[in-house]
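> here is the input, now give the coordinates:
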Amino acid sequence: MIRPQNKNRRHRNISYTKHLFIIQLFFVFFLVSACNPVITFLSFHPDDRYIIPQTLLPKGMEEVFIETKDGVTIQALYLPHPSSKRFTIYFHGNAGNIYHRIHDYEKLHKLGTSILAVSYRGYAKSEGYPSESGIYLDGKAAFDFVKNIIKVSEKNIYILGRSIGTTVAVDLAQDTDIGGLILISPLSSGQDQASFMGLGFAAQLATNAFQNEKKVRRLKAPLLVIHGNQDKIIPIDFGLKVFKAATSLRFFYEVKGGGHNNLTSKFGDQVFSAVSDFFSKTHNTK
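Residues are numbered from 1 along each chain as shown. Have a look, this model is predicted:
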């Protein structure tokens, strides 16, 4: 025998289910909304204290300031080359600031290229606070500065990114006619990185963050990926995913024994030799 259900109980059950659904929906919305600040907290470790005075910078290097589309003033270090048309825009990793990489700029400069090393918002003397969307705007402002103020032809521009800087480099390079893109220790995506870090469910909420593997498919310029096979922070498999996703002319250089933070300090001869070869294969300017 089927007993009739009490109408008040049925309404209470429906009301309870409805409220439970709303609570669950709000919880999911909160997690998704919190995802970007969490990613920002994990991704960026800005240093605005280690500053080298202009008088102590390498000879010929000067400090410049660039305004982004959203009105943030960012700092950059500019090292012109006296005889080369080649120009490299350098995007550093997530910790420290542009002053910690001066030896990299000098070594690149010796390969025959002018340098613009970009300080993300919140780093060194740059205004603001870093975020994924923000550093992409910083990259675009630097690119426009090189093209429109320094007057460098797009075909003579190389974009180099290291670690988190590869996300700016890839985002900037897609759909351009630059001379080449150089990625040192690139991550494949925010989701892959979050999973590798053991962040579990948060990784599923980071599906749209730092999409290097997806964006590099639109790259028309030649690509060089350099990665250490002992990298414990961003594994070499992630670099290979980015490399394999590209459809343009591409090169991969594996640094045997190389980790994440010691590639240019301990294995600099290999790294900059690979960059030099890439310059030779992809650019006809000296």
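
> can you list the residue ranges for strands in the protein?
Secondary structure of the chain (DSSP state E): strands at 45-46, 62-67, 73-79, 87-91, 95-96, 114-118, 157-162, 180-184, 223-228, 250-255.

> so which of the ones you listed gets nearest residue 130?
With respect to residue 130, and counting by C-beta to C-beta, the nearest of these is strand 45-46 at 5.9 Å. Bear in mind the C-beta positions are built from the backbone N, C-alpha and C, glycine included.

> centre of the chain to stretch 171-185, how far?
A distance of 11 Å separates the C-alpha centroid of stretch 171-185 from that of its chain, computed with C-alpha atoms, centre = their mean, to the nearest Å.

> contacting residues for residue 140?
Applying C-beta atoms under 8 Å, 6 or more residues apart in numbering, one finds that residue 140 lies in contact with 68, 69, 172.

> equivalent analysis for residue 241, please.
Contact partners of residue 241, counting by C-beta under 8 Å, 6+ apart, are 188, 192, 213.

> what do you get if the cut-off is 10 Å, keeping everything else the same?
186, 187, 188, 189, 192, 212, 213, 216, 225, 235 (C-beta atoms under 10 Å, 6 or more residues apart in numbering).

> now do residue 99
Contacts of residue 99 (C-beta under 10 Å, 6+ apart): 47, 50-52, 56-57, 77, 92, 117, 119, 123-125.

> now the closest residue to residue 121 other than its chain neighbours: how far from residue 71?
Take residue 121 and drop its neighbours on the chain: the residue closest to it by C-beta to C-beta, 6 or more residues apart in numbering is residue 128, 3.5 Å away. Here the criterion is C-beta to C-beta, to the nearest Å. By it, residue 128 lies 9 Å from residue 71.

> which of those two has more neighbours?
It is residue 128, of residue 128 and residue 71, that has more neighbours when counted by other C-beta atoms under 10 Å, with 20 against 9.

> which residues are in contact with that one?
Counting by C-beta under 10 Å, 6+ apart, residue 128 makes contact with 46, 68, 70-74, 120-122, 134-135, 137-138.

> quick one: which two of these are the most distant?
Spatial extent of the contacts of residue 128 (C-beta to C-beta) is set by the pair 46 and 71 at 18.8 Å.

> for this protein, give me the ranges with low pLDDT.
Residue ranges of the chain with pLDDT under 70: 1-50, 95, 199-207, 284-286.

> what do you get if the cut-off is 50, keeping everything else the same?
Across the chain, the stretches falling below the confidence threshold (pLDDT under 50) are 1-5, 7, 9-14, 16-18, 20-35, 38, 41-42, 285-286.

> noted, bye for now.
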